[in-house]
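>>> Turn this into a structure:
(one chain, ligands or ions: 2)
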Amino acid sequence: MKLERVELILVELPLVEPFETSFGRESLRPCVLVKAQSDGLVGWGECVAGSGPWYSYETVETAWHVLRSFLIPTVLGRPLEHPETMARGWARVRGHPMAKAGLEAALWDLWAQAQGISLREALGGVKERVESGISLGIQPSLEALLERVERALARGYRRVKLKIRPGWDVQVVKAVRERFGPIPLSVDANAAYTLSDLDTLKALDRFELMMIEQPFRYDDLVDHAELQKQLRTPICLDESVPSPEAARQALKLGSGRIINVKPGRVGGLAAARKVHDLCVERGVPVWCGGMLETGIGRAHNVALASLPGFTLPNDLSESARYYRRDLVEPPFVLNPDGTLPVPRGPGIGVEVVEERVERATVRREAFTP
Ligand code: SMG
Ligand code: MG
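Ligands and ions are numbered 1, 2, ... in the order given. Now for the predicted structure:
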């Protein structure tokens with residue numbers, strides 16, 4: 001069995017509603033899909049790089065370039081082996097974790113199918129359902145936010161995360177606490193603060209939040225460690241952990257007490273599992289983050305979140321919260337207990353509806369040996 005063909009497909013999908021964070025507002029989600037073929041099987045991956053270098057330096061265009069020029073050529077025409085073995089081919093490529101994760105994801109799907117097992121089994125996952133949380137973007141008004149929190153709770157989400165930035169923080173959290181009481185609540189700053197905002201962060205410390213996610217710079221570990229010493233609330237690192245090695249350093253420095261695991265940010269599912277294993281060893285809880293994935297990336301993330309160390313609710317919401325018509329069937333629908341089912345079929349366990357992919361496609365390019 002050889003890897004016969006890899007195709008890159010740039011799709012654009014309108015979000016059900018715009019998503020606003022401290023670094024910007026997004027209404028149309030572009031993403032690069034990776035379709036890998038071998039011996040009659042098709043594996044799918046999703047690259048989570050966005051339209052601009054805001055969340056990280058990667059973009060749709062840098063990912064496309066790195067995939068086509070440096071990553072795909074290292075695996076094309078080779079015998080299909082375990083994704084970790086295949087990934088050794090691009091080990092010398094520095095950075096670009098989202099590009100790597102997109103291709104590796106397609107190989108995981110393909111390889112699991114070739115073994116006749118689910119991605120969950122391939123990764124060593126144990127859970128049949130994973131806890132679902134919701135991340136609520138910055139809203140035009142407090143009323144709009146309160147209404148969304150109410151809807152999320154009624155729908156059964158097990159944790160609500162609020163995006164914050166200077167000017168949309170303490171008062172917002174206070175209002176949510178006053179209206180909804182002791183619900184599982186967290187905040188995510190996407191790197192919008194510095195040590196000079198200590199007063200604000202200390203004010204947030206009084207609201208019994210489950211965590212404060214990524215308050216400081218995307219590449220900082222030192223100031224986060226300083227801050228963690230001064231707060232009761234656990235700091236959760238997201239952007240600051242671009243690899244398993246960075247996770248190890250962050251835990252050594254005490255830069256946070258929780259890690260948000262995103263395969264795209266750390267270079268793939270194998271690297272994500274390494275972060276998980278390291279955290280389990282050290283008694284640090286992890287949860288799976290989200291990048292507004294379509295059902296393809298979501299299926300990979302749900303399988304990852306079935307590993308035993310994912311003990312906190314994940315940023316894995318149901319399909320309908322993001323897209324009117326997801327790219328997969330069946331779409332992800334929340335169970336009444338606020339969990340998402342982990343698909344049991346071979347590979348990612350959901351069917352990619354090619355006709356919907358086609359309709360969302362902006363550009364595609366196929367590679368053969
Ligand atoms: O997929 O539900 C989701 C979004 C979760 O808030 C979310 N992600 O920093 O954790 C984060 C943000 C990054 C999103 S940028 C597109
Ligand atoms: Mg985050």
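>>> Please name the nearest non-neighbouring residue to residue 116.
residue 346 (5.9 Å; CB to CB, 6 or more residues apart in numbering). Bear in mind the C-beta positions are built from the backbone N, C-alpha and C, glycine included.
>>> Okay, the one you found and residue 113: tell me how far apart.
Look at residue 346 and residue 113: by CB to CB, to the nearest Å, they are 5 Å apart.
>>> These two: who's more crowded?
For residue 346 versus residue 113, the count of surrounding residues by other CB atoms under 10 Å is larger for residue 113: 23 against 18.
>>> Can you tell me the SS state at that one?
Following DSSP: H, G, I helix; E, B strand; the rest coil, the label given to residue 113 is helix.
>>> again, but for residue 247
Per three-state DSSP, residue 247 ends up helix.
>>> for the residue of the stretch 201-350 of the chain found nearest ligand 1, helix, strand, or coil?
Going by CB to the nearest ligand atom, ligand 1 is nearest to residue 290 of the stretch 201-350 of the chain, at 2.3 Å. Secondary structure for residue 290, judged by three-state DSSP, is coil.
>>> Now do the same contact list for it.
Residues in contact with residue 290 (CB atoms under 8 Å, 6 or more residues apart in numbering) are 135, 262, 298, 301, 314-317.
>>> Turn the residues you listed into JSON lines, including secondary structure.
Below are the contacts of residue 290 laid out as JSON lines (three-state DSSP):
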{"residue": "135", "secondary structure": "strand"}
{"residue": "262", "secondary structure": "coil"}
{"residue": "298", "secondary structure": "helix"}
{"residue": "301", "secondary structure": "helix"}
{"residue": "314", "secondary structure": "strand"}
{"residue": "315", "secondary structure": "coil"}
{"residue": "316", "secondary structure": "coil"}
{"residue": "317", "secondary structure": "coil"}
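>>> So which of those is surrounded by the most neighbours?
residue 301 (30 neighbours).
>>> For the residue of the stretch 101-250 of the chain found nearest ligand 1, which non-adjacent residue is spatially closest?
Per CB to the nearest ligand atom, residue 135 is where the stretch 101-250 of the chain lies closest to ligand 1, at 3.4 Å. Once flanking residues are discounted, residue 135 sits nearest to residue 161: 4.4 Å by CB to CB, 6+ apart.
>>> Quick check: phi and psi on residue 270?
Per-residue torsions, residue 270: phi -60, psi -40 (degrees, to the nearest 10).
>>> quick one: the longest strand along the chain near ligand 2?
Using DSSP state E, we find that the single longest strand of the chain is strand 5-21. No. Shown here: strand 5-21 not in contact with ligand 2 (CB under 5 Å from the ion), separated by at least 8.1 Å.
>>> other SSEs contacting that strand?
strand 24-38, helix 60-66, helix 72-75, helix 354-360, strand 361-367 (3 or more CB pairs under 8 Å, 6 or more residues apart in numbering; DSSP states H and E).
>>> Nearest to ligand 1, out of those?
Short answer: strand 24-38, nearest of the helices and strands packed on strand 5-21 by CB to the nearest ligand atom, at 6.2 Å.
>>> tell me which residues in that closest one are buried?
Neighbour counts over strand 24-38 (16 or more other CB atoms under 10 Å) mark 26, 29-38 as buried.
>>> how much space is there between the most centrally placed residue in the chain and ligand 2?
Closest to where the C-alpha atoms of the chain average out (CA atoms, centre = their mean) is residue 290, at 3.0 Å. According to CB to the ion, to the nearest Å, residue 290 and ligand 2 sit 9 Å apart.
>>> quick one, phi/psi of that residue?
phi -130, psi 160.
>>> Which residues of this structure lie near ligand 1?
21, 50, 55, 135, 188, 190, 238, 289-292, 315, 317 (CB under 6 Å from any ligand atom).
>>> Make JSON lines out of these and add pLDDT.
JSON lines is the format used below for the residues of the chain next to ligand 1 (pLDDT from 0 to 100):
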{"residue": "21", "pLDDT": "97"}
{"residue": "50", "pLDDT": "97"}
{"residue": "55", "pLDDT": "98"}
{"residue": "135", "pLDDT": "98"}
{"residue": "188", "pLDDT": "98"}
{"residue": "190", "pLDDT": "98"}
{"residue": "238", "pLDDT": "98"}
{"residue": "289", "pLDDT": "98"}
{"residue": "290", "pLDDT": "98"}
{"residue": "291", "pLDDT": "98"}
{"residue": "292", "pLDDT": "98"}
{"residue": "315", "pLDDT": "98"}
{"residue": "317", "pLDDT": "98"}
